[in-house]
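> sequence isn't available, so here's the structure alone:
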Ligand code: UFG
């Protein structure tokens, strides 16, 4: 398949490009490099430095490159910023995705894989989280993802698009060979910050909240390896052959891990203490989020390979050791 990976120079997109190549597909990348890194993409991968909202340019690429499937990873993903700058999020995450879908319609491309998030569920009433829980996001970021899901559902209902929507839990880790990995600017995610605290690159890690109703008082999350996430995107291709598909899956390991357990695991993997201090709760953090991944397992035959958190953190550590400052540019 010819697969256009939109946002392919970002964290999850770049890992997906690798997995697509390994599975024998032709991956092409479209990215405006606002948050993506050119160095995350191999030189032999066709690369288009283009804005998602440029409908005419995107239509031309889709047509000329005979694209079969579009995978869409390009989004702003800072939950806190989405609260203070909502329009930035609605414009890019919702508005530009509509432009992309229009370009696909112009070019006659009907297969779409969309990166959604467990943040569309808001604060779940029951755990682990199944796909048919009510979706009630508590921030604009989650809201933008839910809006796109709604559009895809409406398009599927009239057979205009076959979509697979993946609701990611916490993406973590890096490619097994340490050649690509996580590099956000600014970095807000727990595992890279904990590694940086261990190596002394950043100050002590702040533990946001120690009075949650969880076994050790810190938040529980489901850390799923980025290569496991990527593999699900390819496993879903067969389903996209059916016109009018709207398939949606939680992607998580199903295992909850607390902030303190992450810090312990980082200490074990790196062999260094992680300086940490207790801090107030971060606004908008639900106490516990972890997946019931039965649907992805049974319908896609998806099996996450990284089930223990240390093996995931070991890949992040390998990436960090070979790229202590991340990508060059
Ligand atoms: N945390 C700390 N200290 C830090 C950073 C994080 O204690 O310095 C805690 C957070 O409070 C949270 C956990 O570590 O309990 C994980 O936080 P991350 O920022 O790594 O990830 P989030 O769970 O906040 O966010 C992830 C994705 C978002 C997505 C969200 C869904 O990155 O894109 O899950 O809830 F929206």
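That came in fine, so what should we check first? Just so we're clear, the structure is a prediction, and the values are computed from it rather than from any experiment.
> would you mind listing what in the stretch 51-200 of the chain touches the ligand?
Counting by CB under 6 Å from any ligand atom, the residues of the stretch 51-200 of the chain close to the ligand are 77, 79, 117, 118, 119, 141, 170, 188, 189, 190, 193. Just so you know, the C-beta spots here come from the backbone N, C-alpha and C atoms, and that holds for glycine as well.
> ok, now which ones touch the third one?
When you say that, I think you mean residue 117. 77, 141, 142, 145, 167, 168 (CB atoms under 8 Å, 6 or more residues apart in numbering).
> isn't the fifth one right up against residue 124?
No - using CB atoms under 8 Å as the test, residue 167 is too far from residue 124 to be in contact (11.6 Å).
> more crowded one of the two?
Neighbours per residue, other CB atoms under 10 Å: of residue 167 and residue 124, the larger number sits with residue 167, 25 against 19.
> tell me what the more buried one is bridged to.
residue 116, residue 250 (DSSP bridges).
> model confidence at it, what's the number?
In this model, residue 167 is scored at 98, pLDDT.
> any idea how far it is from residue 224?
Distance, residue 167 to residue 224, using CB to CB, to the nearest Å: 11 Å.
> touching both of those two, which residues are there?
residue 251.
> which parts of this structure are helices?
11-22, 55-64, 79-84, 86-89, 96-107, 140-157, 190-199, 226-235, 237-240, 259-270, 294-300, 309-322 (DSSP state H).
> which positions within the last one qualify as buried?
Read that as helix 309-322. Neighbour counts over helix 309-322 (16 or more other CB atoms under 10 Å) mark 309, 312, 313, 314, 315, 316, 317, 318, 319, 320 as buried.
> quickly check: it near the ligand or not.
No - counting by CB under 6 Å from any ligand atom, the ligand is not contacted by helix 309-322; separation bottoms out at 11.7 Å.
> care to break this structure down by domain?
What the record gives for the chain is the domain set 2-172+224-251, 190-222+254-322, from automatic domain parsing.
> tell me the contacts of the nearest residue to residue 266 once chain neighbours are set aside?
Spatial nearest neighbour of residue 266, excluding adjacent residues (CB to CB, 6 or more residues apart in numbering): residue 194 at 4.4 Å. Contacts of residue 194 were listed using CB under 8 Å, 6+ apart, and they are 205, 262, 263, 266, 274, 276.
> go again using 7 Å as the cut-off
Contacts here follow CB atoms under 7 Å, 6 or more residues apart in numbering; on that basis residue 194 touches 205, 262, 263, 266, 274.
> can you list the weak-confidence ranges in the stretch 201-329 of the chain?
Scanning the stretch 201-329 of the chain for pLDDT under 70 picks out 329.
> closest residue of it to the ligand?
residue 219 (3.0 Å; CB to the nearest ligand atom).
> nearest to residue 110, of the residues of the stretch 51-200 of the chain next to the ligand?
For those, the residue nearest residue 110 by CB to CB is residue 117; the value is 23.8 Å.
> now do that closest one against residue 267, distance only.
From residue 117 across to residue 267, the span is 29 Å (CB to CB).
> thought residue 228 was touching residue 306?
Yes - shown here, residue 228 and residue 306 form a contact pair, counting by CB atoms under 7 Å, at 5.8 Å.
> tell me who's in contact with the nearest residue in space to residue 218 that is not next to it in sequence.
Nearest residue to residue 218 in three dimensions, chain neighbours excluded: residue 259, at 3.7 Å (CB to CB, 6+ apart). The neighbours of residue 259, taking CB under 7 Å, 6+ apart as the test, are 190, 207, 218, 219.
> for the last one, grab the count of nearby residues.
The reference is to residue 219. Residue 219, neighbours per other CB under 10 Å, totals 25.
> begin at 871 from here
All set: I'll call the first residue 871, so the last point we hit is now residue 1089.
> wait, it sits on residue 1155?
Yes - with contacts counted by CB under 7 Å, residue 1089 reaches residue 1155, the gap being 5.7 Å.
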